[in-house]
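Colleague: Give the three-dimensional model of this entry:
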Amino acid sequence: MTSLQVTRGTRDILAPEIYYWQQLESAARQVLTQAAYTEIRTPIFEATELFARGIGEATDIVGKEMYTFNDRGDRSLTLRPEGTAGVARSYIENKLFAQGGVQRLWYKGAMFRYERPQAGRQRQFHQLGIEVIGSADPRADAEAIAIASDFLQAVGLTDLVVDINSVGSSEDRVAYRAALVEYFTPFIEEIDADSRDRLTRNPLRILDSKDKRTQEISQDAPSILDYLSSESQQHFEQVQNLLTDLQISYRINPRLVRGLDYYTRTAFEIQSNQLGAQSAVCGGGRYDRLIAELGGADVPAVGWAIGLERLVILMQQVAEQKQAAIDFYVISRGEQAEAKSLSIAQTLRKVGFTVELDLSGAKFDKQFKRASNANAKAAVVIGDSEIEAGQVQIKWLESGDQEAVAIAELSDSFEALRQKL
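Modeller: Next comes the predicted model:
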């Protein structure tokens, strides 16, 4: 009998990874509750029309990636590919506007897109998101970005930078779309096939292409910032001023358009430089026309979403990076050596080193393996022969170099040792 396995693009989440999920879920609830956001839970599947109208039929999500099926009543249903459209539908259907004021909502759950599975990107994936519905104030944009930054820092990410842009109002984009069509048309044979298709349907999406040649061509494309109305320009400047006041680092990126049709004015991504290579960890923006497009009132809104699979990978990498802070791993074997090992570990700790003492009593090769797994920079090796000689062996694990240091001179040798770490 063939063994049953998870479907391609889905995966089980087990220990120890599950602890990172629990950590981020706890941090999200704490940060968002403190900011007066209320949790909302919407269905995993909705009427296909919701996403076609809300996300946009010209997007890759609607055109290529949705899991759509007909139920027994011949109704077309779709597993949700993102969270905002469902929240907007719930806002209209449940008349949340009747409560008055601004609605601050947050959600967390599984989403579904038919994509090529890769690390941090599955066909069933999870998002955390917020929606601020009922305010056109630039402070709502800045608050959303600040809340995302607070959450990301709460789970251990630092060195965050915000890329921001304004995609203007729908009126601003009329002239801009025409300018993009005019610019890209001479390159019709050089841009990728998806971009050729977008040229007449949604030329802004060409700026979001991952094709290398299309990206090169896009570098000299007209900038949306040159087509903003005075009102849109003022809104964008106020968002920037608020981020400056909050001491949130940002960069203006006129090529940032995001992948969904419903965005208006502010669009942003948050990047983390913590691990050396820049990585987008959050994306969002303003969508002032979405609720009206879905049949509701003309209500402005802003929000963001974070892909949790990618975030968990970053959290794990940060944890591994922290583990690398162990300077010395003390290895001992033999009665006299083990008796002396704690004293040697304490001596090194008192002069400022991070030291882990192996307490297993296992053979040297197993202790060395643990030192390597702990990402220690060096092993302090003590056997009975070292005790008799009054010294320890220090083995630098990356290079394999080894040197003897007198036990009585460990404290005096710490500066020389520190320079080698």
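
Colleague: Pick out the residue closest to the middle of the chain.
Modeller: Centroid-nearest residue in the chain: V281, 2.2 Å away (criterion: C-alpha atoms, centre = their mean).

Colleague: helix, strand or coil for that residue?
Modeller: Following DSSP: H, G, I helix; E, B strand; the rest coil, we place V281 in the strand state.

Colleague: G156 versus the closest residue to it other than its chain neighbours, what's the distance?
Modeller: Leaving out its chain neighbours, the residue that sits closest to V281 by C-beta to C-beta, 6 or more residues apart in numbering is S272, at 5.2 Å. The way it works is simple: take the backbone N, C-alpha and C, and place the C-beta from them, glycine included. For S272, the distance to G156 equals 10 Å [C-beta to C-beta, to the nearest Å].

Colleague: Next: L342.
Modeller: Distance from L342 to G156, by C-beta to C-beta: 31 Å.

Colleague: Compare neighbour counts for the two and give me the winner.
Modeller: The neighbour count for L342 versus G156, taken as other C-beta atoms under 10 Å, is higher for G156 (19 against 13).

Colleague: number of nearby residues for R116?
Modeller: R116: 8 neighbours (other C-beta under 10 Å).

Colleague: returning to that earlier point: burial measure for the residue nearest to V281, as a count.
Modeller: 20.

Colleague: got the phi/psi numbers for it?
Modeller: phi -110, psi 130 (degrees, to the nearest 10).

Colleague: Can you tell me who it pairs with across the strands?
Modeller: On the basis of DSSP bridges, S272 takes part in beta bridges with L160, S279.

Colleague: ok now stretch 68-85, how far from the chain's centre?
Modeller: The chain centroid and the centroid of stretch 68-85 are separated by 27 Å under C-alpha atoms, centre = their mean, to the nearest Å.

Colleague: my bad, should have said stretch 247-262
Modeller: Put simply, stretch 247-262 sits 15 Å off its chain's centre (C-alpha atoms, centre = their mean).

Colleague: any idea of the mean pLDDT for that stretch?
Modeller: The pLDDT scores in stretch 247-262 average 82.

Colleague: In CSV, list the C-alpha atoms belonging to it.
Modeller: Provided in CSV are the C-alpha atoms of stretch 247-262 (Å, rounded to 0.1, in the frame of the first residue of the first chain):
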residue,chain,number,x,y,z
GLN,A,247,12.4,57.8,14.2
ILE,A,248,11.5,55.1,11.7
SER,A,249,14.1,54.8,8.9
TYR,A,250,12.5,54.9,5.4
ARG,A,251,13.5,55.2,1.7
ILE,A,252,11.4,56.5,-1.1
ASN,A,253,11.1,53.8,-3.8
PRO,A,254,9.2,55.0,-6.8
ARG,A,255,9.2,51.5,-8.4
LEU,A,256,7.3,50.0,-5.4
VAL,A,257,3.8,49.3,-6.7
ARG,A,258,2.8,46.1,-4.7
GLY,A,259,1.1,43.2,-6.4
LEU,A,260,-2.6,44.0,-5.9
ASP,A,261,-4.9,46.4,-7.8
TYR,A,262,-6.7,47.8,-4.8
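
Colleague: how many neighbours does Q336 have?
Modeller: 15.

Colleague: Please read the previous query as pertaining to Q122.
Modeller: For Q122, the neighbour count with other C-beta under 10 Å is 20.

Colleague: Mind pulling up the pLDDT for it?
Modeller: 92.

Colleague: Would you check that my belief about it contacting G9 is correct?
Modeller: Yes. Counting by C-beta atoms under 8 Å, G9 is a contact partner of Q122 at 5.2 Å.

Colleague: May I ask you to confirm that Q127 is in contact with W106?
Modeller: No. Using C-beta under 8 Å, Q127 is not in contact with W106, being 10.8 Å away.

Colleague: Specify which residue of those two has the higher count of neighbours.
Modeller: Just comparing Q127 and W106: by other C-beta under 10 Å the higher neighbour count belongs to W106, 24 against 21.

Colleague: so what's that one bridging to?
Modeller: In beta-bridge terms (that is, DSSP bridges), W106 pairs with E39, I130.

Colleague: Make residue 1 into 217 and carry on from there
Modeller: Let's use 217 as the start, then, which means that last one is W322.

Colleague: Just the pLDDT at it, thanks.
Modeller: On the pLDDT scale, W322 gets 98.

Colleague: A244 now?
Modeller: 97.

Colleague: what's the neighbour count on the nearest residue to it once chain neighbours are set aside?
Modeller: Leaving aside its sequence neighbours, A244 sits nearest to L344 (C-beta to C-beta, 6+ apart; 5.5 Å). A count of nearby residues for L344, using other C-beta under 10 Å, gives 23.

Colleague: Assumed L344 was part of a strand.
Modeller: Yes. L344 sits within a strand when classified using three-state DSSP.

Colleague: my read: it touches G519, true?
Modeller: No. Between L344 and G519 there is no contact under C-beta under 8 Å: 11.1 Å.

Colleague: can I assume the residue nearest to V497 is in contact with D375?
Modeller: Yes. With contact defined as C-beta under 8 Å, S488 reaches D375; the gap is 6.4 Å.

Colleague: which secondary element of the chain has the worst mean pLDDT?
Modeller: Least confident helix or strand, the chain: helix 630-636 with a mean of 67, by mean pLDDT, DSSP states H and E.

Colleague: List the buried residues of stretch 547-558.
Modeller: 547-550, 553-554, 556-557 (16 or more other C-beta atoms under 10 Å).

Colleague: and what of stretch 353-369?
Modeller: Quick answer for stretch 353-369 (16+ other C-beta under 10 Å): 353-354, 356-365, 367-368.

Colleague: Just give me the closest of the residues you listed to Q238.
Modeller: Comparing the buried residues of stretch 353-369 against Q238 with C-beta to C-beta places F367 closest, at 14.9 Å.

Colleague: How is the closest residue to that closest one other than its chain neighbours assigned, secondary-structure-wise?
Modeller: Spatial nearest neighbour of F367, excluding adjacent residues (C-beta to C-beta, 6+ apart): V247 at 4.7 Å. Classification of V247 by three-state DSSP places it in helix.

Colleague: quick one: contacts for V247?
Modeller: By C-beta atoms under 8 Å, 6 or more residues apart in numbering, the contact list for V247 reads 363, 366-367, 370.

Colleague: any idea how far G501 is from it?
Modeller: Counting by C-beta to C-beta, the gap from V247 to G501 is 20 Å.

Colleague: for N489, same thing?
Modeller: The separation that N489 has from G501, given C-beta to C-beta, amounts to 21 Å.

Colleague: Those two - which one has more neighbours?
Modeller: More neighbours surround G501 than the other of N489 and G501, with 26 against 13 (other C-beta under 10 Å).
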